[in-house]
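In: Below is the sequence, then the predicted model.
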Amino acid sequence: MQSSSIFWGIAAGDTGSATWDWGYDLIPINFLTTDNYVSWAPGTADNPPTDNGSPVYVSALNDGTTVFVDYGPNDGVFDAVYKLNKLQVIQVYDPDKDNTGMHIVSTSPVAVAWGESPDKAGTGTPYLDMGYTTLPLPIEWIGVALSVEKTVAPTQIKVGEEAQFTVVISVPSTAGSAVTGINLVDNLPSGWVYITGSGNPSDPTHIVGTTLTWDSNWNLTPGQFQTVTFRAKAVSPNTDNPNRNVASAKGQSLGATLTADDDAFVDVFEPPQLTITKFGPSEATVDSTITYTGTLTNIGGSTAYNVVLVDQLPAGLVFVSSSHNANYDPATNTVTWNLGNLPAGTAIPGWITAYVLPSFSDGAQVDNNFKVTWADAPGGPVYPPATADWVTTLHTNPRALPLPSPQPVGGVCLQVDKLNIAAPWLALGIFIPLTLFLTARKRRV
């Protein structure tokens, strides 16, 4: 909703019934934030609540929003993670039936409200026919005495790569007093390690697991700031993408302890990895066709983009046909498949048939090579190719091909034991018939 004049918006729930009636105020989107706290929000009127009939409602402003929920008390450990698209709404229930103190952090702004749910709440006591909007805390509404701003670059990396984090601790010029004894604590996500020597102005005073602590006791007067930069590496994938990194500064001012924090998000993914297998005949004759088969498999952890497979046919082999509508270039004697994207854990089988020219000498060998390339993002750099080869020996006489092994029929293998051929006695005009003895031998199959 929008208007050229100022107006108020109120949402009402269950207006047609007195069973679950409640309402809340609407907030202009420019006031929505990515960091929200829920105040008094019990599941029922009991003390302590006996059920959770009044959850917290969260709605996203943008597609692809990740929402982290700390049920409380606020300990910095998130208990649930949700993925939301634009205007999608979720109901969040604290398992202890009291949503008071819930902390909600998101990768883009969200609207938050608390109120009764017709899906969970019963009628009458102790369920609460009430609700309210959780008001964000824009900087315009409060007087900031200590501030932390955190950024990261790049915001998307592969496992094994590094990202640089920047933390700016400041005392705004509008603050009424200095802040002394400021220390910094930075909590890396699981699966990350700090790069020793990367800290500026210094490395952390101590590191415990993924917790980095600078006991630097900085003193800042209004208008001053302290910048800390460091690098960290993602050594294993974190299933809670995007990975959230939190920096928290604590100091003293006018006898009170001040705390400020901020976060930065990084997507960490396992790169795609393609393998290729190829099969064909070990021997063949000239002036005939050869069919090769192969399979592409993505054994990596993410989608392979712009997958391109090229078969470099050796000289003397001519393309006949293939699967997946390949393109043949007679100038280079190459066959190219543009296969698009291949998700992790999936495979593409295929085949190609080529004609063998009769110009080969007996015993010549042809080496047919497959090569596949891909990227880990649309338009991204191309990975080094995976390859597969198959060598076939050619014969000019079909009778030079090896005879197939005796094949079992119903558990019995037929084999020629004796073959007597009496050639025609042409001079006398006498033909001696062919004598063929077959023996049946048992063979395990």
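Out: Great, that's in hand.
In: Residue 250: neighbouring residues, count only.
Out: Close neighbours of residue 250, defined as other CB atoms under 10 Å, add up to 17. For every residue, glycine as well, the C-beta is placed using N, CA and C.
In: Sort out which residues of the helix or strand where it lies are buried, please.
Out: In the assignment (DSSP states H and E), residue 250 maps to strand 243-253. Within strand 243-253, the residues scored as buried using 16 or more other CB atoms under 10 Å are 243, 244, 245, 246, 247, 248, 249, 250, 251, 253.
In: Number of residues surrounding the residue nearest to the first one when sequence neighbours are not counted?
Out: Across the structure, with CB to CB, 6 or more residues apart in numbering as the measure, the residue nearest residue 243 apart from its sequence neighbours is residue 189 (3.9 Å). If you count neighbours by other CB under 10 Å, residue 189 ends up with 19.
In: Equivalent analysis for residue 258, please.
Out: Residue 258 has 18 nearby residues by other CB under 10 Å.
In: gap between residue 204 and residue 231?
Out: 12 Å (CB to CB, to the nearest Å).
In: for the strand holding residue 250, packing partners?
Out: Secondary-structure packing of strand 243-253 (3 or more CB pairs under 8 Å, 6 or more residues apart in numbering; DSSP states H and E): strand 147-153, strand 162-170, strand 179-187, strand 256-269.
In: In a markdown table, list those strands along with mean pLDDT.
Out: Listed next are the helices and strands packed on strand 243-253 as a markdown table, based on pLDDT from 0 to 100:
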| stretch | mean pLDDT |
| --- | --- |
| strand 147-153 | 96 |
| strand 162-170 | 97 |
| strand 179-187 | 97 |
| strand 256-269 | 92 |
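In: of these, which approaches residue 102 most closely?
Out: Minimum separation from residue 102 across these (CB to CB) falls at strand 256-269, 16.6 Å.
In: partners of that closest one, with directions?
Out: strand 156-158 (parallel), strand 243-253 (antiparallel) (DSSP bridges).
In: export those strands to a markdown table and tack on distance to residue 373?
Out: Converted to a markdown table, the strands paired with strand 256-269 look like this (distance: least, CB to CB, whole Å):
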| stretch | distance to residue 373 |
| --- | --- |
| strand 156-158 | 17 |
| strand 243-253 | 29 |
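In: Of these, which is nearest residue 96?
Out: strand 243-253 (23.3 Å).
In: what residues go with each domain of the chain?
Out: 10-141, 147-269, 274-400, 408-442 (automatic domain parsing).
In: quick one: stretch 109-123 to chain centroid distance?
Out: Put simply, stretch 109-123 sits 32 Å off its chain's centre (CA atoms, centre = their mean, to the nearest Å).
In: rewinding a little: let me have the helices and strands packed on strand 243-253 in TSV, extended by distance to residue 33.
Out: TSV is the format used below for these (distance: least, CB to CB, whole Å):
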stretch	distance to residue 33
strand 147-153	14
strand 162-170	19
strand 179-187	21
strand 256-269	12
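In: Tell me which of the strands paired with strand 256-269 lies nearest to residue 308.
Out: Using CB to CB, the strands paired with strand 256-269 put strand 156-158 closest to residue 308, at 20.5 Å.
In: outside of stretch 125-136, which residues touch it?
Out: 13, 18-27, 31-33, 35-39, 42, 44-46, 49-51, 53-54, 56, 111-116, 121 (CB atoms under 8 Å, 6 or more residues apart in numbering).
In: quick revisit: residue 69: which of the helices and strands packed on strand 243-253 is closest?
Out: strand 256-269 (14.0 Å).
In: For residue 387, identify the helix or strand it belongs to.
Out: Assigned by DSSP H and E, residue 387 belongs to strand 386-395.
In: outside of that strand, which residues touch it?
Out: By CB under 8 Å, 6+ apart, strand 386-395 touches 274-286, 290, 292, 294, 356, 360, 362-372, 401.
In: And for stretch 309-318?
Out: Contacts of stretch 309-318 (CB under 8 Å, 6+ apart): 276, 290, 292, 296, 319, 326, 332-337, 339, 350, 352, 354-357, 359-360, 366-372.
In: Go through that stretch and flag the buried ones.
Out: Residues 309, 310, 311, 313, 314, 316, 317 are the ones in stretch 309-318 that count as buried (16+ other CB under 10 Å).
In: same thing with stretch 37-52?
Out: For stretch 37-52, the neighbour count (16+ other CB under 10 Å) marks 37, 38, 41, 42, 43, 44, 49, 51, 52 as buried.
In: For the residue nearest to residue 38 when sequence neighbours are not counted, report the pLDDT, please.
Out: Distances taken as CB to CB, 6+ apart place residue 102 nearest to residue 38, at 4.1 Å, with adjacent residues excluded. Listed pLDDT for residue 102 reads 94.
In: Check the gap between residue 102 and residue 324 for me.
Out: For residue 102 relative to residue 324 (CB to CB), the value is 52 Å.
In: who's more crowded, those two?
Out: Neighbour totals were compared for residue 102 and residue 324, and residue 102 leads with 27 against 13 (other CB under 10 Å).
In: Quick check: which element contains residue 348?
Out: Here residue 348, judged by DSSP H and E, is contained in strand 347-356.
In: May I have the helix or strand following that strand exported as PDB, CA atoms only?
Out: Heading C-terminal from strand 347-356, the first helix or strand you meet, by DSSP H and E, is strand 365-375. In PDB, the C-alpha atoms belonging to strand 365-375 read as follows (Å, rounded to 0.1, in the frame of the first residue of the first chain):
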ATOM      1  CA  GLN A 365      45.300 -48.200 -33.300                       C
ATOM      2  CA  VAL A 366      42.900 -45.200 -32.800                       C
ATOM      3  CA  ASP A 367      42.800 -43.300 -29.600                       C
ATOM      4  CA  ASN A 368      39.400 -41.500 -29.100                       C
ATOM      5  CA  ASN A 369      39.400 -38.700 -26.400                       C
ATOM      6  CA  PHE A 370      36.500 -37.200 -24.500                       C
ATOM      7  CA  LYS A 371      37.000 -33.900 -22.600                       C
ATOM      8  CA  VAL A 372      34.500 -32.100 -20.400                       C
ATOM      9  CA  THR A 373      34.600 -28.500 -19.000                       C
ATOM     10  CA  TRP A 374      32.300 -26.700 -16.600                       C
ATOM     11  CA  ALA A 375      31.900 -23.700 -14.200                       C
END
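In: now strand 365-375, how far from the centre of its chain.
Out: 28 Å.
In: For it, name the packing helices and strands.
Out: strand 274-279, strand 288-298, strand 304-312, strand 386-395.
In: Turn these into a markdown table, including distance to residue 183 and mean pLDDT.
Out: Shown next, in a markdown table, are the helices and strands packed on strand 365-375 (distance: least, CB to CB, whole Å; pLDDT from 0 to 100):
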| stretch | distance to residue 183 | mean pLDDT |
| --- | --- | --- |
| strand 274-279 | 48 | 94 |
| strand 288-298 | 46 | 95 |
| strand 304-312 | 44 | 95 |
| strand 386-395 | 50 | 95 |
